[in-house]
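S.K.: Predicted coordinates and the sequence they were generated for:
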Number of protein chains: 2
Amino acid sequence: MLKLYYAADTCSLASHIALEDAGADYALARVSFAQNEQRSPEYLAINPKGRVPAMLTDRGILTETPAMLVFIAQSFPQAGLAPLDDPFAFAELQAFNSFLCSTLHVAHAHRMRGHRWADDQAAIAAMKRKVPDSVGASYDLIERHMFRGPWVIGEAYTICDPYLFTIAQWMEGDGIDPERFPRVADHRRRMAERPAVRKAIAQEQR
Amino acid sequence: MLKLYYAADTCSLASHIALEDAGADYALARVSFAQNEQRSPEYLAINPKGRVPAMLTDRGILTETPAMLVFIAQSFPQAGLAPLDDPFAFAELQAFNSFLCSTLHVAHAHRMRGHRWADDQAAIAAMKRKVPDSVGASYDLIERHMFRGPWVIGEAYTICDPYLFTIAQWMEGDGIDPERFPRVADHRRRMAERPAVRKAIAQEQR
């Protein structure tokens, strides 16, 4: 059985929703950031990066959201969560998720995790001030060029959708008015109504 | 025929090497960063993100190195550049490349592209000072936990290898002594001797 190591309000929600979408049999293991469990020897033995998500499988541990999402889609092909037999369409899907992890999520991380990239407090404060700009620029690209509708890659719901939804949960905290990006905001509203999403969020918040 | 939009000394080299490894028929299109061509209307029509790499295929444009590398591996399966029929092994490969794009490359980018995440010069200078630490921490994870040898994922050469090699070209510029990370340094030396790598670099530097 799969076991997802997660923390509430982090990108692990994307894999959690995808496991629900896939109809997977899985267990949850909460990692408490408040207690700094992600840096505990026990958790570092699971994921030496000290981050969530991680997923225990019968072959070992997997990490990194884009990789885990594809693993879920490939392990449960009947759920139809990715165009697995079309290398070009699959690459478009992967490009979207790669942009989320390496550009949008990174821009967001400069609000709370500036210490990763600078030591002095003034620099960390300067990074925080730019988050509405840098995160906003990422959503602008998504809104105008990348999002196809009704789902991220078009007619089919895929593993891009829970990932975008998860990160879009952070818009207000990042100083972004969702209504500046109506297609992303509408997607977020529709995602929030899906039973798999409601269930995953309820499990994480309790 | 595939057409790779590249700039010298950027991560586009990874896809360039992979195209050589695959025996692909491809054309090259240089994007001059010195002339800011990546922000020209012509290039933004190809890639609205204003970044390299991008790749023109007979179905349209692809972007994002991890996605393009998998596309190359899937389009030329006879080259054996990824474990395409093993979802777990494929996810491990993808997790490695995702770490490169979202953690190691991002840490590196704070040396020359700090303006993406802060506006004031003191903050940008503070980011630059931390690059040896943040990039070094990424190589430490690779050296001690992720790199298996002789190639990134073990016995098989895959699309992880040109990607690690490409980023490892920047070690000295990032203030990293390669000999601190002997397995990464040895990989870099062995990669540099491969004919595909020598050919790709020679094409980009001329």
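M.R.: Good, I have the coordinates.
S.K.: CA atoms for contacts and neighbours, from now on please.
M.R.: OK.
S.K.: where does A:Asn36 fall, phi/psi-wise?
M.R.: phi 60, psi 30 (degrees, to the nearest 10).
S.K.: For it, the count of nearby residues, please.
M.R.: 10 (other Cα atoms under 10 Å in any protein chain shown).
S.K.: Can you give me the neighbour number for A:Arg180?
M.R.: Count around A:Arg180 with other Cα under 10 Å applied: 13.
S.K.: residue contacts, it?
M.R.: By Cα atoms under 8 Å, 6 or more residues apart in numbering or on different chains, no residues touch A:Arg180.
S.K.: How about the helix or strand encompassing A:Ser98 and chain B, any contact?
M.R.: Using DSSP states H and E, A:Ser98 falls within helix A:87-99. Yes. Interface with chain B: helix A:87-99 contributes A:87-88, A:90-92, A:94-95, A:98-99 (Cα under 8 Å from any Cα of the partner chain).
S.K.: Taking helix B:87-99 as reference, get the angle to that helix.
M.R.: Going by axes from the mean of the first three to the mean of the last three Cα atoms, to 10 degrees, helix A:87-99 is angled at 50 degrees with respect to helix B:87-99.
S.K.: Check which helices and strands helix A:87-99 is in contact with.
M.R.: helix A:65-75, helix A:160-168, strand B:60-63, helix B:65-75 (3 or more Cα pairs under 8 Å, 6 or more residues apart in numbering or on different chains; DSSP states H and E).
S.K.: and of these, who's closest to B:Ala168?
M.R.: Within those, the stretch nearest B:Ala168 is helix B:65-75; the backing value is 15.2 Å (Cα to Cα).
S.K.: which residues are contacting the closest one?
M.R.: A:87-88, A:90-92, A:94-95, A:98, B:11-12, B:14-15, B:18-19, B:22, B:53, B:55, B:62, B:79-82, B:84, B:94, B:97-98, B:101, B:159.
S.K.: quick one: buried residues of that helix?
M.R.: B:65-74 (16 or more other Cα atoms under 10 Å in any protein chain shown).
S.K.: And stretch A:15-35, by the same measure?
M.R.: Buried, per 16+ other Cα under 10 Å, within stretch A:15-35: A:15-22, A:24, A:31.
S.K.: Kindly report the same for stretch A:45-64.
M.R.: A:46-56, A:61-64.
S.K.: go on, stretch A:114-124?
M.R.: In stretch A:114-124, counting by 16+ other Cα under 10 Å, buried: A:114-118, A:123-124.
S.K.: Out of those residues, which sit inside strands?
M.R.: Using DSSP state E, no member of the buried residues of stretch A:114-124 sits in strands.
S.K.: show me where chain A has helices.
M.R.: Along chain A, counting by DSSP state H, helices occupy A:12-22, A:41-46, A:65-75, A:87-99, A:105-112, A:121-141, A:160-168, A:182-192, A:195-205.
S.K.: Save these as CSV, and put in mean pLDDT too.
M.R.: As requested, those are arranged in CSV below (pLDDT from 0 to 100):
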stretch, mean pLDDT
helix A:12-22, 98
helix A:41-46, 97
helix A:65-75, 98
helix A:87-99, 98
helix A:105-112, 98
helix A:121-141, 98
helix A:160-168, 98
helix A:182-192, 98
helix A:195-205, 97
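S.K.: And the ones you listed: which comes nearest B:Asp140?
M.R.: Between these, helix A:41-46 lies closest to B:Asp140; by Cα to Cα that is 14.1 Å.
S.K.: contacts for the closest one?
M.R.: Contacts of helix A:41-46 (Cα under 8 Å, 6+ apart): A:37-38, A:50, A:54, A:61.
S.K.: roughly how far apart are the residue lying closest to A:Met1 once chain neighbours are set aside and A:Glu20?
M.R.: Excluding its sequence neighbours, the residue lying closest to A:Met1 (Cα to Cα, 6 or more residues apart in numbering or on different chains) is A:Tyr26, at 5.6 Å. A:Tyr26 sits 9 Å away from A:Glu20, going by Cα to Cα, to the nearest Å.
S.K.: cool, A:Ala29 as well?
M.R.: 15 Å.
S.K.: likewise A:Gly114?
M.R.: In terms of Cα to Cα, A:Gly114 sits 33 Å off from A:Glu20.
S.K.: Could you do A:Cys101 as well?
M.R.: For A:Cys101 relative to A:Glu20 (Cα to Cα), the value is 21 Å.
S.K.: try A:Asn47
M.R.: 23 Å.
S.K.: Check A:Thr158 too.
M.R.: 13 Å.
S.K.: now do A:Pro195
M.R.: Taking Cα to Cα, one finds A:Pro195 at 9 Å from A:Glu20.
S.K.: Same check on A:Asp58?
M.R.: 19 Å.
S.K.: Could you do A:Arg148 as well?
M.R.: 24 Å.
S.K.: Can you verify my assumption that A:Pro162 contacts A:Leu19?
M.R.: No. Using Cα atoms under 8 Å, A:Pro162 is not in contact with A:Leu19; the gap is 10.3 Å.
S.K.: Next up, the contacts around A:Pro22.
M.R.: One correction, residue A:22 is Ala, not Pro. A:72-73, A:76, A:78-79, A:81.
S.K.: Correct me if wrong: A:Ala126 contacts B:Asp120.
M.R.: Yes. Using Cα under 8 Å, A:Ala126 is in contact with B:Asp120, at 7.1 Å.
S.K.: correct me, but A:His16 touches A:Lys199?
M.R.: No. If you go by Cα under 8 Å, A:His16 and A:Lys199 don't touch, sitting 9.6 Å apart.
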